[in-house]
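Novice: Give me a 3D structure for the following:
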Amino acid sequence: MYRGEWRKIVLIIFITIIIIGGLQFLLFKGIQQGPAPLSRPAVLELTLSGKLEERFVEDPLAEALGTSGQGLNQLLATIRKATLDPNIKGILLRVWPMETGWAKINEVRTALLRFKQAQKNIYAYSEAVGNGEYYLMTVADSIYFPPEGMFLVNGLTSSPLYLKGTLEKLGIQADFVAHGEYKSAPEMFTRSGPSEPAAEETQALLDDYFRLFVDTLAAARGRTPQFIKSIIDKGLLTPDGVVQSGLADSLMYYLDVKEKIKSDLSVRRIVSYDYYKKVALQNTGKARSKIAVIYGIGTIVVGSAGAFGQDGVITSDGMVKAIKDVADNRAIKAIILRMDSPGGSATAADIIWKEVVRARQKKPVIVSVSDMAASGGYYISMAADSIIAHPQSLVGSIGVFAGKFATKDLHKKIGANRVTFKRGQNADIFSFYTPFTERQRQLVQSFIMYTYRDFVKKAAAGRHKTYEEMDRIARGRVWSGLQGVEIGLVDKLGDFDEAVKTAKRMAGIPQDERVILVTYPRIKPFLERLVDELLRNQARGIIREVTQALPDVGGYWSVVQALSSFRPGEPLAIMPYLPEIR
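Specialist: Now for the predicted structure:
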């Protein structure tokens, strides 16, 4: 009887596995077997909105429901494919409000510019645009708005939030020690307003961004920078005013724009991005050489290999393993580190830095900076053979801080009392109850100075400067990519394609030869991610609520989410809190 029941259980499990496997096979088969190459001329419609993630993650369920997100890597690959496809005659760029960094917007704009240079046309349309959306749209040959469209191109702002007063009302004291007048990361909690160096840093970045913004719009629309500034200073323009000023070509409804494009380019079909991204391209030659692309996205923490890249964190073990694996793989000719990180643990960054140094002895290592490679993110990058960034990327922030939040007054407010017994004069140095004593503050200062000097020394060696030269541009200051080239923190301005070209050149691969890009870290299978997502839903809901309550700190959540991975007193190499420039 027992044996019979056991056989039934085994049979049920076996059948269940077959059914699940079959469903997965059919689901993924439908996704992987894309449509055949286009046989007739067509126009590609790109609809961009919301946040552009650095990497696209396949989600069959979301695709089936029509709710899948957009990944920058897949978007760029689709634009490259359209550039090479003789049957794609043009692009209709439809832009909705976007929530993404300026460097990513510029990367998309550069890819579209290459499409134009292939003697193809771009038409742009939007019902409502702000600064970033319009900056992207100006790559087009023609720009259209509906008669009741909204044009909110009125200048750039940066509005840091300071919480010292809020924490004091709660009875919490932020007690931090930092080196370098520009290392202003803790100022969000320790001050009621910006320090003079922090204000200087933000103003310099705004100047850089605004100059590039104005010059790009002026060149694209055939106007002078002074004229563009005068339009921006008006604050609001009516749709008619946008056309009269030359910032748009005509007022037209969306469906009318589509018909005009078909007529202009003599095509009968406009294909969607979701359709075309799956379309196979006609054979363009076999790729032989391989280049590894390792994504360093998020906050840097000391952690295991399995967690690397799964929750928006860069773990020391995970990134070290990825770098070592590709460095030891003879089939890989070069390594590209795609960085988008504000920093994190100085210890973890140093561990990864050492592996980059080792990898360079075997093959070229190139860094491609997305929105930022700051503080710990720059620490990892500075050992590379070449660093390539966008003009609006954030780099540098070479500095360190450490500290804690003291809650003694909060305990008093709620009638609680904590009694501490200790052995060792400084056993409570990182207690989250009392602030540092003067002696403890000196100890922490000495501790972070050791890390800072080591950071500067290694940065100087990586960038071929003296310690004194690097120290002058370090001190925690954040620089734009444009400034980074001028002071030697960045080698050249460019996008991911430029990084691939540089990798080819350094590896001795002909520029006209196609290469295979092998990406790391591994993305978990769909079902495994689905289970993880269900487990994280509650935490994500809390984060979403707090982000809505304090929208200005939304961009800093990758750091907040990683706080549990930092050890008490750990030196942190994190860029200052800089809200989005909008």
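Novice: Where does Gln445 sit: helix, strand or coil?
Specialist: At Gln445, secondary structure determined by DSSP: H, G, I helix; E, B strand; the rest coil is helix.
Novice: OK, contacts around the closest residue to it other than its chain neighbours?
Specialist: Spatial nearest neighbour of Gln445, chain neighbours left out: Val177 (5.3 Å); criterion: Cβ to Cβ, 6 or more residues apart in numbering. In this view, the C-beta of every residue, glycine as well, is placed from N, C-alpha and C. By Cβ atoms under 8 Å, 6 or more residues apart in numbering, Val177 lies in contact with 401-403, 436, 441, 444-445, 448.
Novice: gap between Val177 and Pro194?
Specialist: Distance, Val177 to Pro194, using Cβ to Cβ, to the nearest Å: 19 Å.
Novice: tell me which residues in stretch 229-237 are buried?
Specialist: For stretch 229-237, a neighbour-count test (16 or more other Cβ atoms under 10 Å) marks 231-232, 237 as buried.
Novice: got the CA positions of it in PDB?
Specialist: Only the C-alpha atoms of stretch 229-237 are listed here, as PDB (Å, rounded to 0.1, in the frame of the first residue of the first chain):
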ATOM      1  CA  LYS A 229      17.500  81.500 -23.600                       C
ATOM      2  CA  SER A 230      14.900  84.200 -24.300                       C
ATOM      3  CA  ILE A 231      12.300  81.600 -25.100                       C
ATOM      4  CA  ILE A 232      13.100  79.600 -22.000                       C
ATOM      5  CA  ASP A 233      12.800  82.700 -19.800                       C
ATOM      6  CA  LYS A 234       9.300  83.300 -21.100                       C
ATOM      7  CA  GLY A 235       8.300  80.300 -18.900                       C
ATOM      8  CA  LEU A 236       5.300  79.100 -20.800                       C
ATOM      9  CA  LEU A 237       4.500  79.100 -24.500                       C
END
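Novice: Contacts for it next, please.
Specialist: Stretch 229-237 is contacted from outside by 151-155, 214, 245, 247, using Cβ under 8 Å, 6+ apart.
Novice: go again using 6 Å as the cut-off
Specialist: Under the criterion Cβ atoms under 6 Å, 6 or more residues apart in numbering, residues 151, 154-155, 214, 245 lie in contact with stretch 229-237.
Novice: Could you tell me which of the contacts of Val177 belong to strands?
Specialist: 401-403 (DSSP state E).
Novice: Of these, just the buried ones, PyMOL syntax please.
Specialist: The PyMOL command for the buried members of the ones in strands among the contacts of Val177 (criterion: 16+ other Cβ under 10 Å) is given here:
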select buried, resi 401+402+403
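Novice: Identify, from the ones in strands among the contacts of Val177, the entry nearest to Glu201.
Specialist: Distances from Glu201 to the ones in strands among the contacts of Val177, taken as Cβ to Cβ, are shortest for Phe401 (15.1 Å).
Novice: which SSE is the nearest residue to that closest one once chain neighbours are set aside in?
Specialist: Using Cβ to Cβ, 6+ apart and skipping residues adjacent in sequence, the residue nearest Phe401 is Ala178, 3.5 Å away. Element membership for Ala178 (DSSP states H and E) is strand 173-179.
Novice: Same check on Val419?
Specialist: In the assignment (DSSP H and E), Val419 maps to no helix and no strand.
Novice: Quick check: it vs Lys408, distance?
Specialist: With Cβ to Cβ as the criterion, Val419 and Lys408 are 12 Å apart.
Novice: low pLDDT regions in the protein?
Specialist: Residue ranges of the chain with pLDDT under 70: 1-34, 57-69, 282-285, 309-311, 523-580, 582.
Novice: Okay, domains of it per the record?
Specialist: Under the assignment automatic domain parsing, the domains of the chain span 34-154+234-276, 289-398+453-566.
Novice: From the contact counts, what lies against the helix or strand harbouring Val43?
Specialist: Following DSSP H and E, one finds Val43 within strand 42-50. Helices and strands touching strand 42-50, by 3 or more Cβ pairs under 6 Å, 6 or more residues apart in numbering; DSSP states H and E, are strand 88-98, strand 270-272.
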